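my questions are about this predicted structure, shown below with the sequence.
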Amino acid sequence: MKKIEVVENVLQANDAVAATNRQRLGRAGLLAVNLMSSPGSGKTTLLEKSIPALGPDLPCAVLVGDLQTTRDAERLGPLAVQAVQINTGTGCHLSAPQVSRGLDALDLDGLAFVFIENVGNMVCPAAFDLGEHVRVVLLSVPEGDDKVAKYPTLFQRADAVLITKMDLADLMEFNLERVRQDLARLNSRAPVILHSSKTGQGMTQWLNWLRQQRFPVTSGPA
């Protein structure tokens with residue numbers, strides 16, 4: 001019972017900060033996008049391709065979560081965007097207080113998007129609200145077509161699912177229909193976008209989806 005109470009208290013405290021984060025971002029007219037996946041699924045590469053494609057009219061900033069190093073944030077350096085590295089040490093996910101401190105380090109004025117690149121993990125991040133407006137889950141082809149069924153919570157809570165590295169689908173004998181069926185059973189509302197940063201497949205669909213998500217934020221009450 002004590003363990004359950006401790007976990008509930010941690011989540012309640014996190015959710016309170018997450019609500020504050022969401023209100024803060026909403027007042028600024030920003031859309032916060034929480035990117036979640038296992039390590040190596042292509043989150044940073046997706047940002048490297050997406051941010052320039054969104055263009056100067058939709059400026060972006062990035063909060064990058066990793067256990068150690070600043071390598072992913074450094075990769076975004078050539079894009080000339082604000083990028084804040086958040087190292088979690090032994091933590092397997094970002095928390096709302098960490099995101100709050102990351103937002104403090106950003107100049108939010110004039111931004112359209114804040115991308116939150118969560119720690120690479122298919123379990124822990126699903127339980128923690130960061131104050132984001134939408135959750136995007138990436139599943140890369142090399143990970144295999146059984147991951148949706150094995151890690152259902154992550155996919156149940158997704159607002160969109162990107163199947164990345166689709167250029168490898170034939171080589172890896174990836175069963176896309178199996179993935180679609182598992183997703184339809186768990187979360188039929190989330191669009192499934194087939195994506196390849198190498199070939200550009202799915203990029204237009206992904207960018208259009210992002211732009212559409214901004215409308216409820218920018219048109220809502222101040």
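Received, thanks.

going by C-alpha atoms from here, please, whenever you check contacts or count neighbours.
Fine.

quick one: Leu176 and Lys147 touch, right?
No. Counting by CA atoms under 8 Å, Lys147 is not a contact partner of Leu176; they are 11.7 Å apart.

how about Asn14, phi and psi?
With angles defined as degrees, to the nearest 10, Asn14 sits at phi -60, psi -40.

burial check on Asp170, number of neighbours?
When neighbours are counted by other CA atoms under 10 Å, Asp170 registers 10.

mind checking what secondary structure it has?
With DSSP: H, G, I helix; E, B strand; the rest coil as the basis, Asp170 sits in coil.

need the residues that contact the helix or strand that Ala184 is a member of.
Here Ala184, judged by DSSP states H and E, is contained in helix 176-186. Contacts made with helix 176-186 from outside it, assessed by CA atoms under 8 Å, 6 or more residues apart in numbering, are listed as 145-146, 148-149, 152, 155-156, 192.

stretch 96-106 now?
Judged by CA under 8 Å, 6+ apart, the contacts made with stretch 96-106 from elsewhere in the structure are 14-15, 17-18, 21, 61, 63, 82, 84, 86, 128-131.

ok, stretch 132-149 next?
18, 21-22, 31-38, 41-43, 154-155, 157-166, 168-169, 172, 174-176, 178-179, 182-183, 213.

start and end of that stretch, how far apart?
The straight-line separation of the ends of stretch 132-149 (CA to CA, to the nearest Å) is 25 Å.

would you mark the buried spots in that stretch?
By neighbour count with 16 or more other CA atoms under 10 Å, stretch 132-149 contains the buried residues 132-142, 144-145, 148-149.

using CSV, write out the CA atom coordinates for the helix holding Ala184.
As requested, the backbone C-alpha atoms of helix 176-186 are provided in CSV (Å, rounded to 0.1, in the frame of the first residue of the first chain):
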residue,chain,number,x,y,z
LEU,A,176,3.1,-3.6,-41.7
GLU,A,177,-0.4,-5.1,-41.7
ARG,A,178,0.3,-6.7,-38.3
VAL,A,179,1.3,-3.3,-36.9
ARG,A,180,-1.8,-1.7,-38.3
GLN,A,181,-4.0,-4.3,-36.8
ASP,A,182,-2.4,-4.0,-33.4
LEU,A,183,-2.8,-0.2,-33.5
ALA,A,184,-6.4,-0.4,-34.7
ARG,A,185,-7.2,-2.6,-31.7
LEU,A,186,-5.4,-0.3,-29.2
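
what about the helices in the protein?
Using DSSP state H, the helices assigned to the chain run over residues 2-27, 43-54, 71-75, 96-104, 147-150, 152-156, 176-186, 203-218.

redo those as TSV? Include mean pLDDT and distance to Thr90.
As requested, these are exported to TSV (pLDDT from 0 to 100; distance: least, CA to CA, whole Å):
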stretch	mean pLDDT	distance to Thr90
helix 2-27	80	17
helix 43-54	97	20
helix 71-75	88	17
helix 96-104	97	14
helix 147-150	98	23
helix 152-156	97	20
helix 176-186	98	30
helix 203-218	92	31
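
deepest of the ones you listed, which one?
Compared across these, helix 152-156 shows the largest average neighbour count, a mean of 21 (mean count of other CA atoms under 10 Å).

which strands or helices does that helix pack on?
With contacts defined as 3 or more CA pairs under 8 Å, 6 or more residues apart in numbering; DSSP states H and E, the packing partners of helix 152-156 are helix 176-186.

now do the most centrally placed residue in the chain against Pro152, distance only.
Centroid-nearest residue in the chain, with CA atoms, centre = their mean: Leu35, separated by 1.0 Å. In this view, Leu35 and Pro152 are 16 Å apart by CA to CA.

please consider this matter closed, and thank you.
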